[in-house]
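**Student:** I need the structure of the sequence given here:
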Amino acid sequence: MTSQKKITKAVIPAAGLGTRFLPATKAMPKEMLPVVDRPAIQYVVSEAVSAGLSDVLMITGRSKRALEDHFDRVPALEQNLIEKGDEERLRLVHEATGLGDIHYVRQQDPKGLGHAVLCAKQHVGNQPFAVLLGDDLIDERDELLSTMIAVQEQTGGSVIALMEVEPENISAYGCADVSDVEDSDYVKVNRLVEKPSVEDAPSNLAVIGRYVLHPRVFEVLEHTEPGRGNEIQLTDALQELAAAEGEGSGVHAVIFRGRRYDTGDKLSYLQAIITLAIDHEEIGERLTPWLKDFAQTL
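**Tutor:** Residues are numbered from 1 along each chain as shown. Alright, predicted model coming up:
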């Protein structure tokens with residue numbers, strides 16, 4: 001039996017090649033692309049820590065050393081900032097290095113998201129845990145992860161995040177067939193389909209990159225055969241759990257209606273930069289009027 005304890009562990013798969021951003025990602029991990037003044041991955045780690053997940057495991061791959069370096073101390077840089085009296089930049093440097101207890105493990109073979117999650121089995125152990133995809137940036141002003149954690153603690157199974165998309169775009173996502181749960185602000189997942197055709201999609205509810213999973217998912221992933229793209233799909237494992245019985249079975253979902261950016265997509269990445277820059281205390285007041293003037297020239 002799995003004793004339910006407070007969820008404290010987050011897994012962040014970050015082993016992808018970032019081919020959609022070549023050549024920028026030829027020598028730089030896509031997760032290190034800047035969003036205003038912080039790399040995209042720092043927003044994701046900050047989200048996990050803000051939700052009480054102080055133990056973070058990143059699933060990395062070859063050429064991802066920059067991720068480890070970013071969250072590590074740089075004494076020479078810190079001393080330089082101290083000598084200059086640059087307290088604000090020193091604070092920002094410490095913000096990245098002091099986020100939480102961050103660990104790293106390599107996914108040696110690119111076998112898909114399901115395999116990346118399976119790489120976390122030894123670190124996670126036999127407790128529920130969260131998975132945050134490094135490509136998905138959730139605006140810090142919008143609640144999601146803490147709500148999902150609360151639903152998992154209530155239901156005991158696994159919880160996914162869904163978002164409504166235009167029906168013609170559903171083929172880019174995992175898609176869910178759901179039913180309402182009486183007197184609840186979450187839904188029950190009946191069926192999951194990975195990247196269905198528009199004609200075969202059971203809804204326009206797309207799976208986005210936040211999960212709170214029961215450790216039974218590891219048992220399922222160990223025998224999940226490669227699916228779409230010849231990769232081990234997390235969606236396929238969750239589909240099995242949705243139809244299973246017993247401890248750790250069942251999948252529920254929180255439908256997210258806030259601000260979410262796909263930093264692996266060029267347009268969404270730029271939208272994230274603009275949106276967050278407008279609210280940035282240092283540059284927002286100057287950027288907003290410039291954007292208005294620029295828009296009038298188009």
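**Student:** Not counting sequence-adjacent ones, nearest residue to Asn169?
**Tutor:** Distances taken as C-beta to C-beta, 6 or more residues apart in numbering put Ala206 closest to Asn169, at 7.7 Å, once the chain neighbours are dropped. From N, CA and C alone the C-beta is placed, and that goes for glycine too.
**Student:** That neighbour and Val124, how far apart?
**Tutor:** Distance, Ala206 to Val124, using C-beta to C-beta, to the nearest Å: 26 Å.
**Student:** swap in Gly52?
**Tutor:** Taking C-beta to C-beta as the measure, Gly52 falls 16 Å from Val124.
**Student:** Between these two, which has more neighbouring residues?
**Tutor:** Using other C-beta atoms under 10 Å, the more surrounded residue of Gly52 and Val124 is Val124, with 22 against 14.
**Student:** Surely that one is in contact with Ile7?
**Tutor:** No. At 10.3 Å, Val124 and Ile7 do not qualify as touching, with contact defined as C-beta atoms under 8 Å.
**Student:** any low-confidence regions in the chain?
**Tutor:** Low-confidence segments of the chain (pLDDT under 70): 1-4.
**Student:** quick one, helices of it?
**Tutor:** Using DSSP state H, the helices of the chain run over 40-50, 65-70, 75-84, 87-97, 113-118, 121-124, 145-155, 216-221, 234-243, 266-278, 284-296.
**Student:** residues of stretch 197-210 that come out buried?
**Tutor:** Of all the residues in stretch 197-210, those buried under the rule 16 or more other C-beta atoms under 10 Å are Ala201, Ser203, Asn204, Leu205, Ala206, Val207, Ile208, Gly209, Arg210.
**Student:** What sits closest to the third one if chain neighbours are left out?
**Tutor:** Setting aside the residues directly before and after it, Asn204 is nearest to Pro167 in space (C-beta to C-beta, 6+ apart), at 4.8 Å.
**Student:** Dihedrals phi and psi, the closest residue in space to Ser54 that isn't next to it in sequence?
**Tutor:** Of all residues not flanking Ser54 in the chain, Gly100 sits nearest, at 4.5 Å (C-beta to C-beta, 6+ apart). Note on Gly100: backbone dihedrals following degrees, to the nearest 10 are phi 180, psi -170.
**Student:** tell me, how many neighbours does Gly100 end up with?
**Tutor:** Here the number of neighbours of Gly100 (other C-beta under 10 Å) works out to 16.
**Student:** Ala24 too?
**Tutor:** 12.
**Student:** try Asp180
**Tutor:** There are 9 residues near Asp180, going by other C-beta under 10 Å.
**Student:** thought it was touching Asn190?
**Tutor:** No. The pair Asp180 and Asn190 does not pass the contact test of C-beta under 8 Å, sitting 11.1 Å apart.
**Student:** Quick check: neighbours shared by those two?
**Tutor:** Contact with both Asp180 and Asn190 is made by no residue, according to C-beta atoms under 8 Å, 6 or more residues apart in numbering.
**Student:** Is Ile208 in contact with Arg259, as I believe?
**Tutor:** No. Ile208 is beyond contact range of Arg259, at 11.8 Å (criterion: C-beta under 8 Å).
**Student:** Val36: what's it in contact with?
**Tutor:** Ile273, Leu276, Ala277, His280, Ile283.
**Student:** Which one (most neighbours) among those residues?
**Tutor:** Neighbour counts for those (other C-beta under 10 Å) peak at Leu276, which has 20 neighbours.
**Student:** who's in contact with it?
**Tutor:** Applying C-beta under 8 Å, 6+ apart, the residues contacting Leu276 are Val35, Val36, Asp139.
**Student:** just Val178 next, same as before
**Tutor:** With C-beta under 8 Å, 6+ apart, Val178 has these contacts: Leu162, Val187, Lys188, Val189, Asn190, Ser203, Leu205, Ala253.
**Student:** can we see that at 6 Å?
**Tutor:** Contact analysis of Val178 by C-beta atoms under 6 Å, 6 or more residues apart in numbering lists Val187, Val189.
**Student:** What of Arg260?
**Tutor:** Contacts here follow C-beta under 6 Å, 6+ apart; on that basis Arg260 touches Ile138.
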